[in-house]
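# need a 3D model of the following:
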Amino acid sequence: MNADDGYDKLADLFGQHQGVAIFRRFSSLGAKNLLHRQAELTHLEAQLQKLVCDDRTSNDPERRIYQFSVFELMDSQSNPQKNHQWQKVIEVRRKLEEYCKPAKNDTK
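Next comes the predicted model:
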């Protein structure tokens with residue numbers, strides 16, 4: 001077997017004749033993946049909304065101010081007793097970044 005066999009040969013052909021290259025898009029699988037990601041985000045959104053409500057109605061004046069000051073919310077990260085909302089914000093942010101990356105690639 002030499003370097004001109006199999007995938008190497010096919011890749012060379014695609015490289016030399018770009019109009020010949022045909023790639024499967026996995027549209028159904030991609031759509032299913034996006035639906036799963038949306039479901040994850042929906043679940044995280046509900047969790048975050050509950051944490052916001054809990055902080056807003058808390059007896060702790062520091063937690064009640066989170067809805068007005070993102071800086072106070074961010075500062076809560078050093079206190080494990082009060083940082084639940086901020087931790088959820090970070091989790092949502094990461095999921096949103098993952099969700100948005102494939103959408104950018106699909107536009108090409």
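
# hey, let's count contacts and neighbours off CA atoms from now on
Noted.

# which helix or strand contains Tyr99?
helix 84-106 (DSSP states H and E).

# how about that helix: buried residues?
By neighbour count on 16 or more other CA atoms under 10 Å, the buried set for helix 84-106 is 84-89, 92, 95, 99.

# for the residues you listed, which one is nearest Val20?
Using CA to CA, Tyr99 comes nearest to Val20 of the buried residues of helix 84-106, at 31.5 Å.

# sticking with Glu40, tell me its helix or strand.
Going by DSSP H and E, Glu40 is in helix 27-56.

# number of nearby residues for Ser27?
As a burial measure, Ser27 scores 10 neighbours (other CA atoms under 10 Å).

# and it, what is it in contact with?
Not one residue lies near Ser27 by CA atoms under 8 Å, 6 or more residues apart in numbering.

# separation between it and Glu98?
18 Å (CA to CA, to the nearest Å).

# next, Asn59: phi, psi?
In terms of degrees, to the nearest 10, the main-chain angles of Asn59 are phi -80, psi -10.

# what is the neighbour count of it?
Around Asn59 there are 10 residues (other CA under 10 Å).

# by contact count, what packs against the helix holding Tyr99?
Applying 3 or more CA pairs under 8 Å, 6 or more residues apart in numbering; DSSP states H and E, one finds that helix 84-106 makes contact with helix 27-56, helix 70-75.

# list the buried ones in the helix holding Glu40?
Buried, per 16+ other CA under 10 Å, within helix 27-56: 34, 37, 41, 44, 47-48, 51-52, 55-56.

# returning to what we had before: orientation of the helix holding Tyr99 relative to helix 27-56 in degrees?
With axes from the mean of the first three to the mean of the last three CA atoms, to 10 degrees defining the directions, helix 84-106 sits at 160 degrees from helix 27-56.
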